[in-house]
Every structure is written in C-alpha cells, then in structure tokens.
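Chemist: One predicted model, sequence on top.
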There are 6 protein chains.
Amino acid sequence: MRIEDMTRDAFRRKVAEGCVVILPFGATEAHGAHLPLGTDTFQPAHVADAVAERMGNVLVAPAMPYGNHSSTKNMPGTIWLAFDTVRAFTRDVLTALHGDGVRAAMILSGHAGSSHLCAIKEGCKDVVDACDMKVSLVSEYDVGASHPKVRDLAGDGHGGLVETSRMLDIKPEAVTADRPVGTYSSTGSLVVRDASVCFPEGMAGDTGPASAELGREINSYIIDSIVGVIRRDLL
Amino acid sequence: MRIEDMTRDAFRRKVAEGCVVILPFGATEAHGAHLPLGTDTFQPAHVADAVAERMGNVLVAPAMPYGNHSSTKNMPGTIWLAFDTVRAFTRDVLTALHGDGVRAAMILSGHAGSSHLCAIKEGCKDVVDACDMKVSLVSEYDVGASHPKVRDLAGDGHGGLVETSRMLDIKPEAVTADRPVGTYSSTGSLVVRDASVCFPEGMAGDTGPASAELGREINSYIIDSIVGVIRRDLL
Amino acid sequence: MRIEDMTRDAFRRKVAEGCVVILPFGATEAHGAHLPLGTDTFQPAHVADAVAERMGNVLVAPAMPYGNHSSTKNMPGTIWLAFDTVRAFTRDVLTALHGDGVRAAMILSGHAGSSHLCAIKEGCKDVVDACDMKVSLVSEYDVGASHPKVRDLAGDGHGGLVETSRMLDIKPEAVTADRPVGTYSSTGSLVVRDASVCFPEGMAGDTGPASAELGREINSYIIDSIVGVIRRDLL
Amino acid sequence: MRIEDMTRDAFRRKVAEGCVVILPFGATEAHGAHLPLGTDTFQPAHVADAVAERMGNVLVAPAMPYGNHSSTKNMPGTIWLAFDTVRAFTRDVLTALHGDGVRAAMILSGHAGSSHLCAIKEGCKDVVDACDMKVSLVSEYDVGASHPKVRDLAGDGHGGLVETSRMLDIKPEAVTADRPVGTYSSTGSLVVRDASVCFPEGMAGDTGPASAELGREINSYIIDSIVGVIRRDLL
Amino acid sequence: MRIEDMTRDAFRRKVAEGCVVILPFGATEAHGAHLPLGTDTFQPAHVADAVAERMGNVLVAPAMPYGNHSSTKNMPGTIWLAFDTVRAFTRDVLTALHGDGVRAAMILSGHAGSSHLCAIKEGCKDVVDACDMKVSLVSEYDVGASHPKVRDLAGDGHGGLVETSRMLDIKPEAVTADRPVGTYSSTGSLVVRDASVCFPEGMAGDTGPASAELGREINSYIIDSIVGVIRRDLL
Amino acid sequence: MRIEDMTRDAFRRKVAEGCVVILPFGATEAHGAHLPLGTDTFQPAHVADAVAERMGNVLVAPAMPYGNHSSTKNMPGTIWLAFDTVRAFTRDVLTALHGDGVRAAMILSGHAGSSHLCAIKEGCKDVVDACDMKVSLVSEYDVGASHPKVRDLAGDGHGGLVETSRMLDIKPEAVTADRPVGTYSSTGSLVVRDASVCFPEGMAGDTGPASAELGREINSYIIDSIVGVIRRDLL
C-alpha cells in the first residue's frame, strides 16, 4: 500500500489501526557504465512494496530519490544532498509521520555510504529524543550483500554483482549489456577532496556472472529479512 | 527522458550536448476526501515527462515527493518538510546539477503554497548567486488555474475542479467517486497555528463538473505552456 | 502612543489593560529618482501612529527601518538584510513582546516584496507555534494599492503613483520635483542574480498625476482599513 | 544628512565622493521609572545627527531601535533580540553598505551591554574579513561615562545621572519628574537566568543632580569625541 | 614534541621545515567499573607522544578530551558534545593549523563510536574541500582491535580486554582491581533514545586475562601502525 | 580530584554527595618569544587542581585546550576555534554535566580575550535558561592581574610579567631565558582583520622582574580567590 495512492481518510484509518510506515530512501548516483542512476531508489522501493504486499499493516511512503554521496560525488549523474539536508529531511519526515499518529517507522536506505547512513541516523536520533516513536534504520544494500551466495565474494561492492543481478530482476530494461569488472582502491586514512579515485571503473566487483535469477534470490532474501526485522523490532 | 533510467555515460552525453533539466517538485499532502496524497507529485511528474517527450533536449530529474505545507500541515496524510529543508534541498540539487555541467534547470512545483514556493525560490537565489546557471521556477498548479475554462471560476482551489479533473486524466484509479464541494475561508490577516480551519472540507471548489476530458485539456495547456517557458527563458 | 516614548511603568500598565502592539516594519530602499530611501519606513510609521491615535488601546513599537530586498537589492541606497535575519528579527521581537505580556500584535510592513513578507511570516509562525499570542501580518502597501481610485491602474507599483502621492502627503519635503514614468519588466520564470533589470527606471507607473490630495485619501483609506483589521482579527 | 531622507541618486553621489556612514544602534529597554524605553536609541541618533551636521562627509543610516539585553531582559518594555540576530543584522547592513560603495562605517551603539557589543563586534569581524572596508565600533554610552565631571562618580550606570541628564537635553518631555536613586548589585561570578536582580530599582546611580545643562555638556563632549574618532580612524 | 610546550618561534621553525601534526582526539566517557573516564584520551595521547618521539618531524597538538557519544551518553561520567560541535571543532582546528602553514595533519581518535568518527570526518571534508592540506583520520582503537592476538576474540569491545590491557600499560594506577566480564547486546535496527541498554555492564568482553604485557604489545603495534600510516599517507 | 582519573562509579558517588565541577578552559596561543603555547591551559589547570586539593567537594573536568582568539589569531602557534564553536562546546559540556546530576559548575578560563569570554558566557546562558544548575564563569587571568603587587603596573598584559612569573612557578622548563619587553598598541575603535598589529612583540609588559616567587604568590592569590568565589557563589 503506497501512501501516495491513498486518500487522506484511507491513510487515517490505517494509521488508527496501527501500522508501520517504510520510507524507501533512495539516491541518484553514478553506478558504473551499466546500471541506471536510480539504482539505489529502485531497489528499496521494490523491497518496500513487496514487504507491504506481504504484511497487511505496512504502508510505503513515497521514495526519497536523493541522498548524500562521497566517493561518487564528482561522477556524472550523481545528484547529491549535503549531510545536513539528509539529516533535516529525515527529521522532518519522521516528525510529520509522528504528528499523523504513526508510532513505528523504518527508513530503508538503498544507498549504503557511511556518511549518508550517519546523516539519516542523526536525524532519527533527533526524533526518538523528542517523540514517542519506534524508528528503525536499515541499509538494504548491506542486507543483500550478506546473502550466503555473495557474502564471501571478495571485492563485490558498488554497482557490482549483487546490484547488477538485483537490477536485472527489478528493472532489466534499464541495465545495459556491459558486464564490467571494477576494483575499489582505498585512499587509506586520507580524507580526500575527490574520492572518485576509489572507483576507477565507477563500480567494484565482477559483474560477469550477474543474472536475474541471482537477483531475484537476493531480492527475496532481503524482503524476507525486512519482514523479519519489522516483526522483531517494530511490532 | 528520465535521469533515473539513464546510465552515467548517457547522462554525461546529453549534458555535453546542452540540455535543460526539469525537477518535478511534488508533495505528499491531504487533498480532500477524494484525491490521493501524491496528487501534487503526480501532476508535475506527468507534465515533465510529457514536456521531455516533446522536446529532445530536456531531461527529467527524479520527482521530489515532499514539500512545505501550511494550511494542510495538520491534516492526516500531509508529510511536511520545514521551510529550511526545502530551501536546502533545492540549493543542493541545483548545485549538484551545476557540478554535472547542467547550465539550465527548471523547478516545476506541483504544490503552490506561498511558503513552499518562497523556500524553493530562496534556494534558487543561493545557486544563481554562486553559479553560472539559468534557473527557472514555475508553479504548474498556477499555470493550470489560469486555463481559460477555469480561471474565472470563483473559489476553485486546492483539490478543486482543476486538480480533480487533472487527476482523472493522469491517474483515474486513485480518485474516489466522491465529488465534494468545499470552501476556503481565510484567517484574515492572522498567522495561525493550525490553518486547517481554512479548509473545513479539506479542499476548495465544486468538483461536480470534474471530468477526465477537462483534465486532459488543462494538462495539455500546462504542457504547452511549459514548453513555451523553456523556449523563452532557458534555451 | 509610541513605545519608545513610554517609561517601563507606563508600558506595563497599558499592557496589563490589554492592548495591541503594531510594529511598523520599514525598509531602506531605492525608490526611483524622486522618493526618499526611507519611503517604506515613513509610510507604515505614519499609518501606525494614526491608528494608535484613533484607538485607545494600540501601542506603536519603534519602526524597524531595514528589510529584505530582491529586485532593488543592487540599486544605490538599498540596505538589505538577509532572509534569515528578517525572520529572526520578527521572531525575537514578537517573542519579547509576548514575554512582556502582550497577547496581540500586528506587523505592518511598508515593503511588499514577496520574500520579505515570507520571511516575516515564517518568523510569525515560529511565534504562534510556541506562544499564545494573536499575530497579524499586513502589507500596508498592498492595502493602499487596492484603493478604488488606483486599483485598476495598470502598471502602478514600486515608487509609482500611489507611493508618490502618499509621500507627498506624509513628507513632501523629501520628494523631489521629478515625476518619472517607469515600467516593470518581468524576468519571466527566471530567478536572476541581479533583478534590477526589472525596473530600468527604478520605479513602476506614471507619477504625473501624483498629488498630496490623492495621497491623503489613500493614507486615510489604509488607516481605516487597519483599524478595521485590528477590530476584526485582534480584539 | 540622514540616508532615509535622501534619494537613490543623492546617496550615490555622496558615496562616490567618499563618505563615512554612521549607524546609530539603539535599543528598546527599560530604563528605570523615569526614562523612556527609547533612551538608548535617542542618544546615539542625536549624536550621529550632530556629528553629520558638523562634518560634511558623514551620512547617518536609519537608527536600529532594537538590541540584545541581559540584565534588563525581563523588565517590562525591554524588547530584545537574540545575540545571533544582532550579529546577523550588523553583518548584513555593513555588507550592503559595502555593496553600495561605502568604504568607512561606524556603528555607534547607545546600549553598552557587553553581550550586545560583542554580538555587534562579531558581525563587524565577519565583514572586515570578507570586505575591504574600515569599520569602527563605538559605545557612545561609554564615551559619555568618561566625561571628566562624571567619570569618578561611583555607581552611576544604567539610567543614572549621565543618561538622565543627557535625555533632559535631548528629549526632556519624555523624562518623568522622578529622580530615582538605584544601585547595581552584581551576581558575582554567576551567570543567572534572570539578571534583573542586579537592578532592583531598574537603574543605577543618583539622578538627583541631573540637569539638562550637564546633559548638554556630556552630549557635546561625546559629539566632539566621535568627530575625533572619525578623523583618527576612518578618514 | 608537544605543541603546548613549544614557543611560537619553535613551532614556526618546525612547521617551516615541514612536519605532520597529530591531534589526539579523546573523550570523557564511562568505561565500565574498572577503567578511568579519560581512557579514550590517555590512549591516543600516549600513542601520539610515542610516534612523535620516533619520528623527528611530528608535532603533537594538545589532546581534545571530549567527544560525541551514543551508547554511553547516559552513563555517569560521560561528558558528551553534540555531533555538530565535534564537526565544528575539527574544522576549526584543522583550518587554524592550515593557517599556521601546516600541510599534513592526522586526527587520531581514541573513541571509535561511529557517529563520533563521522562527525570528525565531516569536519575533515570541509577542510580538504577548502584548503590544500593532507588530512588523515585514524581510529586508534580500531587499529588496536585488529592486533593478531585479539582480533579473533569474539565480543571484546568497549572497556574490554584490549582497552584494559592498554590502560594497564599506560596508566595502571587509574585501573581498579575489578576484571569485569560484559556483553554488548544490540538494539537491532532500532535507533533508541537511551542506548545504554546495549552495555548492561558498561563494557564488553572478558577482562580476566588483561595484563600490562599484552597492553604494551598492543600499544607498540598501534604505534608502529601509525608510523606506517604517516609514512604512507602523509609524507 | 580529576574526573579523567575517576571511574564511572567513583564519579557518580561524588556527584551524589553534591560537588562543584571546575572546567579549566585553556587555549593554544602564541605568548611572545618566551612562553609556551599552552600557557593559558597550564595556568587554569594548575589552579583548578590546587583548588580541588584544598576543598573536598570539587572535581576537575579535563582541561579544554583550545579557545577563541582575536589579536593573536594570525600568530604562529595560535590554534583558534570559531566563536560559535566555543559557545557550543560550553553549552554541551555543561548540559552533559547537568545530565550527570551536577548542579554547580565553574568555567575557569585561562584566556581572557573578550570575545572568548563572551562566547563562553553565551553558552552558559543557554544552559542556565534550560537547566537548574548554578554556573559560574571566572577569568583567572583577570583575577591574577588584580593581585596587589601588579595591579597598578601600567601596560602589563598578555605574556607579560604576571604570566611569565606564573609560568616560572608552574612549568619553568617551558619558559625560555628571554625576558622580553612589549607594548600593546590599540587599533582605536577599528575592528581590524589582522589584530596582531596590537602586539608587535607578541606580548605586553616588562618581563624583566619576572620570578617564580612572584608567580607563586600570584598563583596562591588566585587559588585563594577561586576558593572564595566557590564558597560565595556555588555552595
């Protein structure tokens, strides 16, 4: 059930019955030569919709399609928000949901950058300090990367096998025919101005073996995991 | 052409050729008993897609589905952002687009609240002061409200005949069968804590005569107008 | 009754009896070749004094002589404040008045710029959200522009017939002998760095027919209107 | 020469010739039972006008009638601004003057509170760091308090002999017949929530010997001093 | 070489020769029943001094003894700073060092909280974006936790075997005789108001086997590692 | 009793008994050719330790070694914080102490710059407005400068006779053999970009007669004074 499609009164009734709101937090970010810029939005939106279909008392808020980026900030197509904007956005949306009577919410982030997640977390803290609401923060990318079939794959990361396979399942028409191989090379302890040097190919991993089948498996695994997290932490 | 569906390289090529980016700025807002909460997002997204289809050199950025609200802030389903968050968001996205090489952008707002538009405008000013980029701000709601068939209709406003007709054209399955009549009653010169008193019915106007046909006509009119504005101001 | 002329105890007594405080919010702004830079301060200060003379329970706070400007920002003599400064100023003064026991206040703005009024309004919202006080915001320029004798005059605006006539009534010695004609030319949908292009002559309208008599009539009309607004909204 | 009375072009000409702008920074503040709330505005405005009359190349900006207050914050009639608002106001006005071509400015503060002066000073620092402009900050109260006839008077301070005498010279009709005696009692090293305990009588000193003659002498002394400071520091 | 012990001229000479400045970023934080509140300051200060002794061109800035805390925020003795304060502090100190001519700096954090490190990192980013300076950020706790003898120890964490051993080497008189055993229990995906539930014993791990010998070994390992990082990243 | 050396439980017990926490607020600042950069930290830390030794119920928080600087900002070795950072730091530490149950705290500043002290004071005000805690702010430099043997010494100031003597008592090995003579020359009313012109020698006074004996006397005098202030204001 997507909030954007509900009327005021339908929303009020669901909230009155008690429900969990999932906010898919996406991004518009360069994902190598082969994946669409909306990859990090499509993934959590897909997962959230599937979770809501599975559980009766889950509503999906409109996906936020912009986030904070470090290593890909200077790549073409990355449209970034400042750290403070992500924090303020998170705080505002959760506060507004609380004002609407919502008492349990999950931020489901498609982008797993550490600054991005930290900004969201700081926003969540502001809200749990001020309001009586359960707030859960999950990086669905990280959930996917721990799938048994890929978790021991060294070097798979941004735009790699996992993301390529997942996108082949979710939106195959937006994935090009390239199957690039890329490496992440760290800047060590340095905080650098342009971290795009970390991803010479704009992605990390070997996407050769990517398939819609693997993607479906990983997507299912994530959906199952999120259902589990909601049952454990929010209900 | 939606940016979310493009790869990094496809985006880079379009920008290098010279293009205009439209950012549909939506909202999640109570729209009476009959319209979906995403009304103000669906409308500018629809218009932007149509404009991009018509003009070769226009890209559509992912629609921002949250905005700033005053009179409907306390109604169920309105998920608001603070004034400063809307301003910061606008500034960040335009700055990032400028960093990507974009030199002409239009914010196409579905929500026409004066504080919301002012927040966007302040964000735009920050960017045009600092960057060499043409920035256009249009409230597509206001464009639609000036359509010859409705502009002399007294009292049509939020969730009224225009919006209901437009949504019947864009997404009829999300419009309920109700055809409410509502009045906007001003708080005079007062700035009030809860301005929802202005909309006892949550909308303003007589939606009785609403039809998909009228909606299509208004939507076309808006699309034509935006094409004209882009040609006049941004190319 | 001007607050600046009252002692602590006289002020306390009036507040204890219940009174409305008017804050004339002025500006220091280029007003064509013929009007003084303080035009937007002189006008609301004049109106506020007259209203207070008419009603026993109205106090006039010292006029704030600076505001936020867009189109005239780069003209000689405009001394502008940032948007946030106007907002903070408004919030602070109203909060302080509330702390003094005042429960009804009106911001009477001489400058009618939309960003300026929005900044004041955002400050007012902060206060009505936090305090139990009636707050009214009126652009006295807009009240004057709707006077029956001038409201159908196309193109009269900043520094035009209305303002020139009003200043001839209020402070004729500060008006030069020029009676300029000027046009406002819009930048369309563009948010521009230097909006002074909108006013090639620094003003808009035909000041040829300006007279102290017309000014007096408009000023009286505004004073009457404000008395009415106070009775309707604040008492 | 008051800026508020000048047209755009008269102002531009004076600035082009090279001039110093004085901004009288006033306050609306409880000043015992006998002095008007605008005391701290009337004083620097009077001094600035007199200095401008004496020196050809000095312009007086409109007096700012609000400031930051600590010990009198909770007294009736004190209308305070936050520290940051005073700082932002100072920064904005000086920046705008710099944009107008002004290269030498003096803030002439009537209120001598240490936080108030610090807030102004921080605003001045922001401007001298960013712009090429000479900025002078003077507390005219402190200049007056060092007049030979009163500087050895123990305990004369806020609303005391000096201020009462000065106001009897500047605006005698706003001074009541009371001639109170008051003491300032320190809170030691404590930073307290309500510092109005420092001024049980709302003022400090013995105003018995106050006279317009003494006031005139002190006012002349301040005017002479400011002329000297401008010659030494700003020309 | 500690900066606090150097004169202005000695400092200037070292900087002119080219040097790396280490800022030990400590904390005042509850560390179980047995470790002193300054544990996270003593550790990086000890390491930085040892590194500076080893390398001729390293200066040690005064240790910052306060940081940002989440899980221990509500425990007695934790004196926390807000996220933004840690970020601003980092930005200011690095900017000031840059102004002094320093071109290579390392923040050596004793506290490894993710929000704390993120706040420092955001501050570092501000500086590398604006200044030409190499900035390195290292959590020396994390370096120590990867020592071969302890890295496979499940559950050792805050105030555990590593920290207890290290403190027995650095400052044994501040370690009590208790050798507690504690467990970290996660709050799952929830962002909670009081995260002290994660550490029922205020620490995590089994400190039974703690010894000064082990501590010395780990401390040496960290010192060696930091020397290596400086050589690789900053020289 | 230093907080950094105490365990969580020892700290909790002392707070429960009722105690005063002293925060020595230091600085890293150029102090002429002869004194170490940490002079302003060593002094209040020394005093705080001595006061705590004398009084049973006083705890010493870790000394903050950075502050805000104006006149020495551009000298080598001054590592400054922005005004707002000092204010935020003060507010956070006091708020955290209040959360720990502390109800009486003293900020003991070694640096006596007026902006620095104002920033601390603004932070203190935020806390006393929001929390029930006695907060005392003392510039121990100013206390020392009023010692009978030196208070009539014209021109002794930053890095002068008092500070040199005090450092010869506290940390003689960090004082070089130079005994410079320097003068402070004011910038008059001007707020200047680089105020280091005020201290051509980087210090003010004649340090010829400096001695550890005089320093010990002044240090004792300060320690006695602080004990007195705590008894009068905080117990």
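Modeler: Now that the structure is in, tell me what you want to look at.

Chemist: Can you pull the residues of chain A lying near chain E?
Modeler: A:70, A:83, A:106, A:114-115, A:118, A:121-122, A:124-125, A:128-129, A:134-138, A:188-193, A:229, A:232-233 (C-beta under 8 Å from any C-beta of the partner chain). Quick note: C-beta positions are derived from backbone N, CA and C, even for glycine.

Chemist: Now a PyMOL select for only the buried ones of those residues.
Modeler: In PyMOL syntax, the buried subset of the residues of chain A next to chain E is picked out as below (16 or more other C-beta atoms under 10 Å in any protein chain shown):
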select buried, chain A and resi 70+83+106+115+118+121+122+124+125+128+134+135+136+137+138+189+190+191+192+229+233
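
Chemist: What degree of burial does the nearest residue to residue A:54 once chain neighbours are set aside show, as a neighbour count?
Modeler: Spatial nearest neighbour of residue A:54, excluding adjacent residues (C-beta to C-beta, 6 or more residues apart in numbering or on different chains): residue A:227 at 5.8 Å. Counted with other C-beta atoms under 10 Å in any protein chain shown, the neighbours of residue A:227 add up to 16.

Chemist: got a pLDDT number for residue A:227?
Modeler: The model reports residue A:227 with a pLDDT of 98.

Chemist: Then the one 5 residues further on?
Modeler: If you check residue A:232, the pLDDT there is 97.

Chemist: Quick check: phi and psi on the residue nearest to residue A:54?
Modeler: Here is the backbone geometry of residue A:227 (degrees, to the nearest 10): phi -60, psi -40.

Chemist: separation between the residue nearest the centre of chain A and residue F:99?
Modeler: By C-alpha atoms, centre = their mean, chain A has its centre lying nearest to residue A:110, at 1.4 Å. Using C-beta to C-beta, to the nearest Å, we find residue A:110 at a distance of 36 Å from residue F:99.

Chemist: re earlier: keep only those of the residues of chain A next to chain E that are in strands.
Modeler: A:106, A:134, A:135, A:136, A:137, A:138, A:190, A:191 (DSSP state E).

Chemist: got CSV for these, with distance to residue B:44 too?
Modeler: Formatted as CSV, those follow (distance: C-beta to C-beta, whole Å):
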residue, distance to residue B:44
A:106, 28
A:134, 33
A:135, 30
A:136, 31
A:137, 30
A:138, 30
A:190, 42
A:191, 38
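
Chemist: number of nearby residues for the residue lying closest to residue A:41 once chain neighbours are set aside?
Modeler: If the residues on either side of it in the chain are set aside, residue A:41 comes closest to residue A:26, at 2.7 Å by C-beta to C-beta, 6+ apart. Residues lying near residue A:26 (other C-beta under 10 Å) number 25.

Chemist: Need the per-residue pLDDT for residue A:26.
Modeler: For residue A:26, the predicted pLDDT is 98.

Chemist: ok, it touching residue A:67?
Modeler: Yes. Between residue A:26 and residue A:67 there is a contact under C-beta atoms under 8 Å: 6.9 Å.

Chemist: shared neighbours of the two, which are they?
Modeler: The contact sets of residue A:26 and residue A:67 overlap at A:40, A:111 (C-beta atoms under 8 Å, 6 or more residues apart in numbering or on different chains).

Chemist: and residue A:185, how many neighbours?
Modeler: Residue A:185, neighbours per other C-beta under 10 Å, totals 11.

Chemist: Spatially nearest residue to the closest residue to chain F within chain A (excluding sequence neighbours)?
Modeler: In chain A, the residue that lies nearest chain F is residue A:129 (12.3 Å; C-beta to the nearest C-beta). Spatial nearest neighbour of residue A:129, chain neighbours left out: residue E:193 (5.8 Å); criterion: C-beta to C-beta, 6+ apart.

Chemist: you'd agree the one you found is up against residue A:130?
Modeler: No. Counting by C-beta under 8 Å, residue E:193 does not reach residue A:130; the two are 9.3 Å apart.

Chemist: What segments of chain A are helices?
Modeler: Taking DSSP state H as the criterion, chain A carries its helices at A:8-17, A:39-54, A:83-99, A:114-130, A:140-145, A:161-170, A:212-229.

Chemist: got the CA coordinates for the second one in CSV?
Modeler: Below are the C-alpha coordinates for helix A:39-54, written out as CSV (Å, rounded to 0.1, in the frame of the first residue of the first chain):
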residue,chain,number,x,y,z
THR,A,39,19.5,2.0,-8.9
ASP,A,40,19.6,3.0,-5.2
THR,A,41,16.0,4.2,-5.4
PHE,A,42,14.6,1.3,-7.4
GLN,A,43,15.9,-1.3,-5.0
PRO,A,44,14.5,-0.1,-1.7
ALA,A,45,11.2,0.9,-3.4
HIS,A,46,10.9,-2.6,-4.8
VAL,A,47,11.7,-4.2,-1.5
ALA,A,48,9.3,-1.9,0.4
ASP,A,49,6.4,-2.6,-2.0
ALA,A,50,7.0,-6.3,-1.6
VAL,A,51,7.1,-6.2,2.1
ALA,A,52,3.9,-4.2,2.2
GLU,A,53,2.2,-6.7,0.0
ARG,A,54,3.2,-9.4,2.3
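
Chemist: what's in contact with that helix?
Modeler: For helix A:39-54, using C-beta under 8 Å, 6+ apart, the contacting residues are A:1-2, A:22, A:24-29, A:31, A:36, A:58-60, A:63, A:65, A:67, A:108-111, A:140-141, A:144, A:159, A:163, A:166-167, A:170-171, A:174, A:219, A:222-223, A:226-227, A:230, B:4, B:62.

Chemist: returning to that earlier point: which one of the helices of chain A is the most hemmed in?
Modeler: Ranked by mean neighbour count, the helices of chain A are led by helix A:161-170 with a mean of 26 (mean count of other C-beta atoms under 10 Å in any protein chain shown).

Chemist: packing partners for that one?
Modeler: Using 3 or more C-beta pairs under 8 Å, 6 or more residues apart in numbering or on different chains; DSSP states H and E, the elements in contact with helix A:161-170 are helix A:39-54, helix A:140-145, strand A:205-206, helix A:212-229.

Chemist: Could you rerun that using 7 Å?
Modeler: Judged by 3 or more C-beta pairs under 7 Å, 6 or more residues apart in numbering or on different chains; DSSP states H and E, helix A:161-170 is in contact with helix A:39-54, helix A:140-145, helix A:212-229.

Chemist: I'd like the distance from the last one to the chain centre, please.
Modeler: I take that to be helix A:212-229. 13 Å (C-alpha atoms, centre = their mean, to the nearest Å).

Chemist: end to end, how far does stretch A:147-154 reach?
Modeler: 13 Å (C-alpha to C-alpha, to the nearest Å).

Chemist: mean confidence for that stretch?
Modeler: Mean pLDDT, stretch A:147-154: 92.

Chemist: So which residues make contact with it?
Modeler: If you take C-beta atoms under 7 Å, 6 or more residues apart in numbering or on different chains as the criterion, stretch A:147-154 is touched by A:145, A:156, A:161, A:162, A:214, A:217, A:218, A:221.

Chemist: Out of those residues, the closest to chain D would be?
Modeler: Of the contacts of stretch A:147-154, the one sitting nearest to chain D (C-beta to the nearest C-beta) turns out to be residue A:145, at 44.5 Å.

Chemist: contacting residues for that closest one?
Modeler: Residue A:145 neighbours (C-beta under 7 Å, 6+ apart): A:151, A:162.

Chemist: Tell me how far it lies from residue A:160.
Modeler: In terms of C-beta to C-beta, residue A:145 sits 9 Å off from residue A:160.

Chemist: Repeat that for residue A:33.
Modeler: Taking C-beta to C-beta, one finds residue A:33 at 13 Å from residue A:160.

Chemist: Ok, residue A:137 next?
Modeler: 23 Å.

Chemist: same check, this time on residue A:187
Modeler: 19 Å.

Chemist: Neighbour count: those two, which is higher?
Modeler: residue A:160 (26 against 14).

Chemist: related to what we said a few turns ago, so for residue C:92, which of the helices and strands packed on helix A:161-170 sits nearest?
Modeler: In terms of C-beta to C-beta, the element of these nearest to residue C:92 is helix A:39-54, at 41.0 Å.
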